[in-house]
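In: okay, here's the prediction I keep looking at, along with the sequence it came from:
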Amino acid sequence: MRKKHRRQRIAAPVQGRSPGLVMAVVLFVALGMGTAGIAAAAEPSETGIQTGADAFADEDFFDDEFGTDAEARAGSAVSDPLAPWNKAMFHFNDKLYFWVLKPAATGYKTVTPGIVRTGVKNFFHNLTTPIRVVNCMLQGKSERMGAEIGRFMLNTTVGVLGFGNPAQRDPRLAVPEEDLGQTFAVWGIGDGPYIIWPVLGPSTIRDSFGMLGDGFLDPVGYVDPRVLSAGIKAFDTINATSFRLGDYEALKDSAIAPYEALRDAYIQNRKKKIGE
């Protein structure tokens, strides 16, 4: 009887809390992980790589044609020994998207003019230039590094702190984006097992370490206090997702096996970026 009463007292504080409120807190805090301030705690984040909420917002991730499920699996084999964990996290992130991120992005899109959302998107892309520049250097891609620097200077000055994107009119400055996961691949490091992180979404062991390293180059990670940094990351994700509403649903609805389809789409997209 004494043990039973102890269990009841422990459970009592969580009763009555709104599931939506808890999920929202998780979203805003976890989206700030992996930036420089939190990277020391060994939690992965995302800047140049597709992750949970960020995967829904990434343009390249959904723009590619992945073919049939069988064709996708044939071209994107990856070790998946963590499948039980990954499937649980897939369903967790799926609920997080539909219960929190999608409603937030939909409401935000409704009240925010497109020109404002585009400016915000340009600003955050410009802000993460250090990630792309350093990884171009680490891969020995000097021309791309120069293009990234030129694009940053043009968009920061003529584009007014990056809210504008005049560099898009110059084809010489349109170069594929690089991140540390791609750098590791160029260095010959394999994918490692596939893994889905709660909130952050699909990745591999190699790309997870890449996310961690890229976090040190993300200026938002140095914003203090950390809750403000997390809020900025969450705002960036909501803004980016407002441009891709419906894409995740289309991928999921067209797939015979949604978990496998997302895994194969992620691996294919990563292989494409590495090969560019």
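Out: Nice, thanks for sending it over.
In: give me every residue that touches residue 181.
Out: By Cβ atoms under 8 Å, 6 or more residues apart in numbering, the contact set of residue 181 is 48, 49, 204, 206, 207, 209, 210, 211, 214, 270. In short, each C-beta sits where N, CA and C put it, glycine included.
In: and what of residue 82?
Out: 193, 194, 195.
In: same thing but 6 Å
Out: By Cβ atoms under 6 Å, 6 or more residues apart in numbering, the residues touching residue 82 are 193, 195.
In: pop out the phi and psi values for it.
Out: Dihedral pair for residue 82: phi -100, psi 20, per degrees, to the nearest 10.
In: which residues in the stretch 51-200 of the chain form helices?
Out: 52-57, 59-63, 69-74, 83-96, 102-111, 114-127, 129-138, 142-157, 180-186 (DSSP state H, counting those that start in this stretch).
In: any idea which of these scores lowest on pLDDT?
Out: Within the helices of the stretch 51-200 of the chain, confidence is poorest for helix 69-74, with a mean of 47 (mean pLDDT).
In: just the contacts of residue 181 now: which is nearest residue 245?
Out: Nearest to residue 245 out of the contacts of residue 181 is residue 49 (Cβ to Cβ; 21.0 Å).
In: which one of the helices of the stretch 51-200 of the chain lies nearest to residue 257?
Out: That would be helix 69-74 among the helices of the stretch 51-200 of the chain, by Cβ to Cβ, at 6.3 Å.
In: may I see the buried residues of the longest helix seen in the chain?
Out: Scanning the chain for the helix with the most residues, using DSSP state H, yields helix 258-275. Residues 258-270, 273-274 are the ones in helix 258-275 that count as buried (16 or more other Cβ atoms under 10 Å).
In: from the residues you listed, pick the one nearest residue 169.
Out: Looking across the buried residues of helix 258-275 and measuring by Cβ to Cβ, the closest to residue 169 is residue 273, at 23.7 Å.
In: give me the pLDDT value at the closest one.
Out: 94.
In: tell me the contacts of it?
Out: Per Cβ under 6 Å, 6+ apart, neighbours of residue 273: residue 182.
In: any idea how far it lies from residue 210?
Out: Counting by Cβ to Cβ, to the nearest Å, the separation of residue 273 from residue 210 is 11 Å.
In: residue 121 now?
Out: As judged by Cβ to Cβ, residue 121 and residue 210 stand 23 Å apart.
In: more neighbours: the two, which one.
Out: Between residue 121 and residue 210, counting by other Cβ atoms under 10 Å, residue 210 is the more crowded of the two (26 against 20).
In: so that one sits against residue 182, correct?
Out: No: in this structure, residue 210 is not within contact of residue 182 by Cβ atoms under 6 Å, at 7.5 Å.
In: the nearest residue to residue 261 once chain neighbours are set aside and residue 200: what is the separation?
Out: Counting by Cβ to Cβ, 6 or more residues apart in numbering, residue 255 is the residue found nearest to residue 261 once chain neighbours are left out, at 3.4 Å. Distance from residue 255 to residue 200, counting by Cβ to Cβ: 21 Å.
In: got it, and residue 111?
Out: In terms of Cβ to Cβ, residue 111 sits 27 Å off from residue 200.
In: who has more neighbours, those two?
Out: A count of neighbours by other Cβ under 10 Å puts residue 200 above the other of residue 111 and residue 200, at 27 against 7.
In: returning to what we had before: the contacts of residue 181 into CSV, with extra columns for secondary structure, pLDDT and distance to residue 127?
Out: Putting the contacts of residue 181 into CSV (DSSP: H, G, I helix; E, B strand; the rest coil; pLDDT from 0 to 100; distance: Cβ to Cβ, whole Å) gives the following:
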residue, secondary structure, pLDDT, distance to residue 127
48, coil, 36, 12
49, coil, 34, 16
204, strand, 96, 26
206, helix, 97, 25
207, helix, 97, 21
209, helix, 97, 23
210, helix, 97, 19
211, helix, 96, 17
214, helix, 96, 13
270, helix, 95, 23
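In: closest to residue 84 out of these?
Out: For these, the nearest to residue 84 is residue 204 (17.1 Å; Cβ to Cβ).
In: could you measure from the closest one over to residue 240?
Out: For residue 204, the distance to residue 240 equals 22 Å [Cβ to Cβ].
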